[in-house]
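**Student:** Return a 3D structure for these sequence lines:
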Amino acid sequence: MNNLARAIALPYERHRPKITDDRRSHDALPTNMNNIVIETERLFLREWLTEDFQDFKSIATNPLVMKYIGTGEIWSDERIGQFIDKNMTLYKQYGFCLWALIHKQRQNLIGLCGLSPLTLDEIEIGWWLVPEYWGVGLATEAATAAMSYGFEQLNLPRIVSIAQPANQRSIRVMSKLGMHFEKMSTDRRGIEVVYYALNNRLR
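**Tutor:** Sure, this is the predicted structure:
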């Protein structure tokens with residue numbers, strides 16, 4: 001078993017972040033806000049809930065959001081449900097997933113951000129954000145926190161990210177995260193992507 005496999009095979013309880021005094025204050029939040037995993041200045045990254053379906057549907061059927069996701073097709077109800085179920089299971093098993101991204105002040109679902117297996121040996125960081133929140137640094141803020149979680153809590157040896165070459169917004173975020181271009185590649189659909197990576201400097 002390689003180092004990455006050991007890291008993600010450890011029981012989730014060993015990776016659960018310590019709850020700070022600030023996080024205890026979240027007990028007063030609505031029920032769907034009590035599953036917070038990561039907090040930043042403006043955002044919560046939390047577990048997915050089945051009741052997120054309708055809010056996430058408005059994101060996964062937005063052509064601007066989906067333009068560089070795979071073939072750019074909007075998602076069906078079935079695929080949306082499968083995505084939520086998959087990430088709920090992934091988090092329970094391994095302590096990470098593509099978390100639901102919540103705007104702290106407005107307490108609404110505005111996208112997703114987190115970690116997901118790309119291959120048997122690589123963990124990818126990814127993010128989606130609704131257009132109303134583009135251009136104010138929220139993707140970088142969320143991704144920075146998710147990357148820190150991967151390196152500090154999960155002890156991952158490295159994290160990668162892919163994007164279609166035309167998706168310059170995401171490529172700029174990768175650069176802001178300190179990731180470096182590694183190669184041109186193709187995703188599982190055969191679509192050309194850039195492949196960025198960053199090693200864990202804490203190891």
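
**Student:** Quick one: residues contacting the nearest residue to Tyr91 once chain neighbours are set aside.
**Tutor:** Nearest non-adjacent residue to Tyr91, counting by CB to CB, 6 or more residues apart in numbering: Cys97, 4.1 Å away. Bear in mind the C-beta positions are built from the backbone N, C-alpha and C, glycine included. Contacts of Cys97 were listed using CB atoms under 8 Å, 6 or more residues apart in numbering, and they are Glu47, Trp48, Asn87, Met88, Leu90, Tyr91, Gly114, Leu115, Ser116.

**Student:** Please identify the helix or strand for the fifth one.
**Tutor:** Okay, so that is Leu90. Per DSSP states H and E: Leu90 is located in helix 77-94.

**Student:** Now find how far off-centre that helix is within its chain.
**Tutor:** Mean-position distance between helix 77-94 and its chain equals 13 Å (CA atoms, centre = their mean, to the nearest Å).

**Student:** Give me the helices and strands touching it, please.
**Tutor:** Under the contact definition 3 or more CB pairs under 8 Å, 6 or more residues apart in numbering; DSSP states H and E, helix 77-94 sits against helix 53-60, strand 98-103, strand 109-117.

**Student:** which residues in this protein form helices?
**Tutor:** 3-9, 21-24, 53-60, 63-66, 77-94, 138-148, 168-176 (DSSP state H).

**Student:** Give me whichever of these is most buried.
**Tutor:** Stretch with highest mean neighbour count among those: helix 138-148 (a mean of 21; mean count of other CB atoms under 10 Å).

**Student:** Could you tell me the angle between that one and strand 98-103?
**Tutor:** Angle of helix 138-148 versus strand 98-103, following axes from the mean of the first three to the mean of the last three CA atoms, to 10 degrees, is 140 degrees.

**Student:** which residues touch Gly72?
**Tutor:** Listed by CB under 8 Å, 6+ apart, the contact set of Gly72 reads Pro63, Met66.
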